[in-house]
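Asker: Pasted the sequence and its predicted model underneath.
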Amino acid sequence: RLNLPFTERIPYAKNCIARELFQIMTEKQTNLCIAADVTKSADLINLANQTGPHICLFKTHIDILDDFHVDVIGTLQKIAEKHNFLLFEDRKFSDIGKTAQMQYCNGMYKIKSWAKVITAHSLAGAGMLDALKQSDNGIFLLAEISTSGSIIDKNYATKTTKLASQYPDLIAGLVCQSPLFLSEPGFIQLTPGVQLDVESDGLGQKYNTPSAVIEKGADIAVVGRGITQSSEPAVAAEKYKRLLWDAYLKRVK
Ligand code: UP6
């Protein structure tokens with residue numbers, strides 16, 4: 001997987017979102033996902049507009065907005081279409097299948113109606129994946145977490161990878177910190193915990209540099225505060241995009 005260019009991985013991808021992401025990344029020459037963790041809708045929309053040209057995925061935690069209104073979704077969808085990126089709700093579903101299904105489809109956020117990309121924990125097992133299954137979505141399954149002191153062990157990560165292999169049509173990839181699934185080029189490795197010049201956030205988050213995570217197998221890197229807390233998010237996004245893409249080109253060469 002590591003030395004194959006994204007375009008050559010498309011035929012291995014059974015999930016439609018994974019295929020679409022390989023396309024978008026190649027066309028826009030970016031493997032940057034922004035973690036748009038802000039609490040005001042206006043800031044969220046500004047971030048989408050400013051970073052849109054530089055990202056393949058716009059990752060939200062929609063439930064942290066203080067002023068959520070359904071209109072924000074319509075606005076994000078228009079920006080996503082304009083700049084050719086996908087909306088990604090990092091909901092980390094983890095409950096029994098029936099509950100996860102209601103959290104996905106119902107409530108005020110109606111995640112299913114707009115986020116074609118979502119995350120889920122593997123701990124509840126296959127039933128929950130069945131409950132989240134749609135013909136046009138993609139799940140990133142969490143196999144490792146970027147925090148220090150996490151209780152996820154190697155065995156859990158291996159079992160998660162196995163579970164993913166049983167759902168190749170639904171799973172777009174894995175959220176992890178190391179190259180767990182080298183023999184499955186159709187899956188995408190999504191790696192958060194990326195920032196230059198900072199090693200941690202004082203609350204357990206651990207950071208690595210763009211080049212370090214790409215070397216450790218990341219196909220897409222998630223950058224949050226490295227961009228959102230910059231005085232010029234568009235400039236910061238462009239910088240991360242360039243560093244990540246250069247590291248990817250070096251890896252596949
Ligand atoms: N995230 C992690 N680590 C994981 C999984 N997900 O940090 O293992 C998510 C967080 C946050 C973003 O929920 O939205 O990635 C990281 O943001 P940061 O760059 O500001 O730390």
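Answerer: Good, I have the coordinates. Since we're looking at a predicted model, the values are computed, not measured. Numbers count the residues shown, from 1 in each chain.

Asker: contacts and neighbour counts: CA atoms only from here.
Answerer: Noted.

Asker: Now do the strands in the stretch 101-250 of the chain.
Answerer: Secondary structure of the stretch 101-250 of the chain (DSSP state E, counting those that start in this stretch): strands located at 117-121, 138-142, 171-175, 188-191, 220-223.

Asker: How far away from the center of its chain is the first one?
Answerer: Read it as strand 117-121. 8 Å (C-alpha atoms, centre = their mean, to the nearest Å).

Asker: Return the alpha-carbon coordinates of that strand using PDB.
Answerer: C-alpha atoms of strand 117-121 as PDB (Å, rounded to 0.1, in the frame of the first residue of the first chain):
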ATOM      1  CA  VAL A 117     -18.200  10.200   5.700                       C
ATOM      2  CA  ILE A 118     -18.400   9.200   9.400                       C
ATOM      3  CA  THR A 119     -16.300   7.600  12.100                       C
ATOM      4  CA  ALA A 120     -17.200   4.700  14.400                       C
ATOM      5  CA  HIS A 121     -15.500   2.800  17.200                       C
END
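
Asker: Show me what it is packed up against.
Answerer: strand 86-93, strand 138-142 (3 or more C-alpha pairs under 8 Å, 6 or more residues apart in numbering; DSSP states H and E).

Asker: Write out the residues of the stretch 151-253 of the chain neighbouring the ligand.
Answerer: P192, G193, V194, V223, G224, R225 (C-alpha under 6 Å from any ligand atom).

Asker: Would you mind giving the residues you listed as a markdown table with distance to Y248, neighbour count and pLDDT added?
Answerer: Listed next are these as a markdown table, based on distance: C-alpha to C-alpha, whole Å; neighbours: other C-alpha atoms under 10 Å; pLDDT from 0 to 100:
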| residue | distance to Y248 | neighbour count | pLDDT |
| --- | --- | --- | --- |
| P192 | 16 | 26 | 98 |
| G193 | 17 | 25 | 98 |
| V194 | 15 | 26 | 98 |
| V223 | 16 | 26 | 98 |
| G224 | 19 | 20 | 98 |
| R225 | 22 | 18 | 98 |
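
Asker: okay, the strands of the stretch 101-250 of the chain, which one's buried deepest?
Answerer: strand 171-175 (a mean of 29; mean count of other C-alpha atoms under 10 Å).

Asker: got the angle for that one vs strand 117-121?
Answerer: Between strand 171-175 and strand 117-121, the angle comes out at 60 degrees (axes from the mean of the first three to the mean of the last three C-alpha atoms, to 10 degrees).

Asker: same question for strand 171-175, mean pLDDT?
Answerer: Across strand 171-175, the average pLDDT comes to 98.

Asker: Give the pairing partners of that strand; include direction for each.
Answerer: strand 138-142 (parallel), strand 188-191 (parallel) (DSSP bridges).

Asker: Kindly format the C-alpha coordinates of it as PDB.
Answerer: Only the C-alpha atoms of strand 171-175 are listed here, as PDB (Å, rounded to 0.1, in the frame of the first residue of the first chain):
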ATOM      1  CA  ILE A 171     -15.400   0.800   5.400                       C
ATOM      2  CA  ALA A 172     -13.400   3.600   3.700                       C
ATOM      3  CA  GLY A 173     -10.500   3.200   6.000                       C
ATOM      4  CA  LEU A 174      -9.100   3.200   9.500                       C
ATOM      5  CA  VAL A 175      -8.300   6.000  11.900                       C
END
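
Asker: quick one: it to chain centroid distance?
Answerer: Counting by C-alpha atoms, centre = their mean, strand 171-175 comes out at 8 Å from the chain centroid.

Asker: For I17, give me its contacts.
Answerer: K116, V117, D136, N137, G138, A172 (C-alpha atoms under 8 Å, 6 or more residues apart in numbering).

Asker: So what touches the host helix or strand of L44?
Answerer: Per DSSP states H and E: L44 is located in helix 41-51. For helix 41-51, the external contacting residues (C-alpha under 8 Å, 6+ apart) are 36-38, 58, 65-68, 72, 75-76, 79-80, 228, 233-234, 237-238.

Asker: With stretch 69-79 instead?
Answerer: S41, I45, A48, N49, G52, L87, M108, Y109, W114.

Asker: Alright, I will stop here.
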